[in-house]
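Enquirer: this one's structure only:
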């Protein structure tokens, strides 16, 4: 009997078809009631009714998984754009990267043609289980750094879990050569394409995961006395171009800001190439992306042109600092500490907020008091305004950058949607 394909839903087991249908109805009801996007609850219902739904819905698809602490939503969207340039491709929506979100995405697109592609963002802690279920053609590993330590293991332990999961994969692995923990994990895979995607945050990779010695950094290079060192990249960035080890060069032009997004694009293009999409075609497809689920979008908040930025951990903040409008322009920073953020906001003390000296910060969000204490010790002038919309208005300028961690970022977008939509501000 031939394996079922996503293009023939009748070949899915009856249980899977029923579970998927019921999950879709529950998700739709959730949206109608204004309880959320319905993605997570719909996927959860499907999995309750059919615990094997993820594996069954993924069967017959060419699956690409993307995981890492930072950049996985953006990289996944860039990869989805590249894959879509060559044929039908689906992806999970809005960072729903647990099995329930993946099931919802595949279920909503179960009528796609045989061999259709799926670019799926996966939570770091779930990568092994998801890879086992979906049998991906490629797995993209971005970076690992401290994040949600009340929920996710210590970084080295997470790397060890990846390392145990990768030897069983038949597909290719695309891995960041600049992150020692990722390199250690990916080295266990059968086939690896190394990409010099960058990793400016090194505080979580000072110790060698192979021998417990100390890793020495010199420019882009890193090495330990035991012989564990940065691998020779197969793909890297240079002077606005994507370079391959075979000598080919491709111009890289993105509409997304930041050096870290160039690294994300390099990872996505390499993964797309592993899925059969020519590199130039992939880069062209990615070049039209201007925002990712609200990231980098400019909206109007009480008459203030507000650029929305997301930073949810110390490594993410290191990249965001370079995107902020130059001092003395103020900035609004919003911090929550819900389950999706991590309940423990002590990570704020690892962020070098001293870099905000010389400008005024408006601290907002549910944990604005914790942020205000951190800013005081950093010597940063600030005012605390718990309400986020009011905080933006209190910035006192016609244009401002708003930086929120995950749920704070989503809260502001939801609040704007409830007041007539997150309309883009008019061009300056």
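Expert: That came in fine, so what should we check first? Bear in mind the structure is a predicted one, so any value in this text is a computation, not a measurement.
Enquirer: and residue 90, helix, strand or coil?
Expert: Under DSSP: H, G, I helix; E, B strand; the rest coil, residue 90 falls in the strand class.
Enquirer: Go ahead and confirm it touches residue 107.
Expert: No - using C-beta atoms under 8 Å, residue 90 is not in contact with residue 107; the gap is 9.9 Å. (Glycine included, C-beta is placed from N, CA and C.)
Enquirer: Burial check on the nearest residue to residue 184 once chain neighbours are set aside, number of neighbours?
Expert: Nearest residue to residue 184 in three dimensions, chain neighbours excluded: residue 209, at 4.3 Å (C-beta to C-beta, 6 or more residues apart in numbering). Look at residue 209: counted by other C-beta atoms under 10 Å, it has 21 neighbours.
Enquirer: Residue 209: what secondary structure?
Expert: Reduced to three states by three-state DSSP, residue 209 is coil.
Enquirer: From the structure, what's the count of residues near residue 143?
Expert: 29.
Enquirer: Now do the contacts for it.
Expert: For residue 143, the contacting residues are 68, 69, 70, 71, 176, 179, 182, 197, 199, 201, 315, by C-beta atoms under 8 Å, 6 or more residues apart in numbering.
Enquirer: isn't there a helix covering it?
Expert: No - under the criterion used here (three-state DSSP), residue 143 is coil, not part of a helix.
Enquirer: can you pull the buried residues of the one helix or strand residue 411 maps to?
Expert: In the assignment (DSSP states H and E), residue 411 maps to helix 406-417. Across helix 406-417, burial judged by 16 or more other C-beta atoms under 10 Å covers 406, 407, 408, 409, 410, 411, 412, 413, 416.
Enquirer: Out of the residues you listed, which one has the weakest pLDDT?
Expert: In terms of pLDDT, residue 416 ranks lowest among the buried residues of helix 406-417, with 87.
Enquirer: What distance do you get for that one to residue 253?
Expert: Separation of residue 416 from residue 253 (C-beta to C-beta, to the nearest Å): 30 Å.
Enquirer: before we move on, the earlier item: now the helix holding residue 411, how far from the centre of its chain.
Expert: 17 Å (C-alpha atoms, centre = their mean, to the nearest Å).
Enquirer: for stretch 86-105, same thing?
Expert: With C-alpha atoms, centre = their mean, you get 13 Å for stretch 86-105.
Enquirer: Show the low-confidence segments of the chain, by residue range.
Expert: Scanning the chain for pLDDT under 70 picks out the ranges 1-10, 34-38, 111, 113-114, 150, 152-153, 419-428.
Enquirer: Domain boundaries for it, per the record?
Expert: By the assignment in automatic domain parsing, the chain contains the domains 9-286, 298-417.
Enquirer: Dump these into TSV; add distance to residue 292 as well.
Expert: Output for those, formatted as TSV (distance: least, C-beta to C-beta, whole Å):
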stretch	distance to residue 292
domain 9-286	5
domain 298-417	9
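Enquirer: Tell me where the stretch 51-200 of the chain has helices.
Expert: 53-58, 72-84, 99-108, 127-134, 155-165, 180-186 (DSSP state H, counting those that start in this stretch).
Enquirer: so which of these comes closest to residue 326?
Expert: helix 72-84 (23.9 Å; C-beta to C-beta).
Enquirer: List of residues touching the closest one?
Expert: If you take C-beta under 8 Å, 6+ apart as the criterion, helix 72-84 is touched by 64, 66, 68, 89-92, 95, 97, 117, 119-122, 140, 142, 256, 261, 264-265, 267-269, 271-272, 275, 277, 281-283, 285-286, 288-289, 292-293, 295.
Enquirer: Ok, stretch 230-249 next?
Expert: With C-beta under 8 Å, 6+ apart as the criterion, stretch 230-249 contacts 177-178, 180, 183, 192-196, 198, 220-223, 250-253, 262-263, 265-266, 269-270, 279, 283.
Enquirer: which stretches of the stretch 301-428 of the chain form helices?
Expert: Counting by DSSP H, counting those that start in this stretch, the helices of the stretch 301-428 of the chain are 314-321, 368-378, 388-394, 406-417.
Enquirer: so the second one versus helix 406-417, what angle?
Expert: Angle between the axes of helix 368-378 and helix 406-417 is 120 degrees (criterion: axes from the mean of the first three to the mean of the last three C-alpha atoms, to 10 degrees).
Enquirer: Which positions in helix 368-378 come out as buried?
Expert: Buried residues in helix 368-378 (16+ other C-beta under 10 Å): 368, 370, 371, 372, 374, 375, 378.
Enquirer: and which of the residues you listed is nearest to residue 348?
Expert: Residue 348 lies nearest to residue 374 out of the buried residues of helix 368-378, by C-beta to C-beta, at 4.5 Å.
Enquirer: hang on, isn't the closest one packed against residue 347?
Expert: No - in this structure, residue 374 is not within contact of residue 347 by C-beta under 8 Å, at 10.0 Å.
Enquirer: got the contact list for residue 356?
Expert: Contacts for residue 356 (C-beta under 8 Å, 6+ apart) come out as 327, 331, 375, 378, 380.
Enquirer: Residue 105 is in contact with residue 118, correct?
Expert: Yes - the pair residue 118 and residue 105 passes the contact test of C-beta under 8 Å, sitting 7.2 Å apart.
Enquirer: joint contacts of these two?
Expert: 90, 91.
Enquirer: So between these two, which is more surrounded?
Expert: Comparing residue 118 with residue 105 by other C-beta under 10 Å, the one with more neighbours is residue 118, at 27 against 23.
Enquirer: How about the more buried one: which residues does it bridge to?
Expert: With DSSP bridges applied, residue 118 shows beta-bridge pairing to residue 63, residue 90.
Enquirer: I'd like to know how far residue 305 sits from residue 257.
Expert: 16 Å.
Enquirer: Spatially central residue for this structure, please.
Expert: In the chain, the C-alpha nearest the mean C-alpha coordinate belongs to residue 72, at 2.3 Å (C-alpha atoms, centre = their mean).
Enquirer: For the closest residue in space to residue 100 that isn't next to it in sequence, which residues are in contact?
Expert: Residue nearest to residue 100 in three dimensions, not counting chain neighbours: residue 43, with 3.2 Å by C-beta to C-beta, 6+ apart. Applying C-beta under 8 Å, 6+ apart to residue 43 gives the contacts 23, 27, 96, 99, 100, 101, 102, 103, 104, 107.
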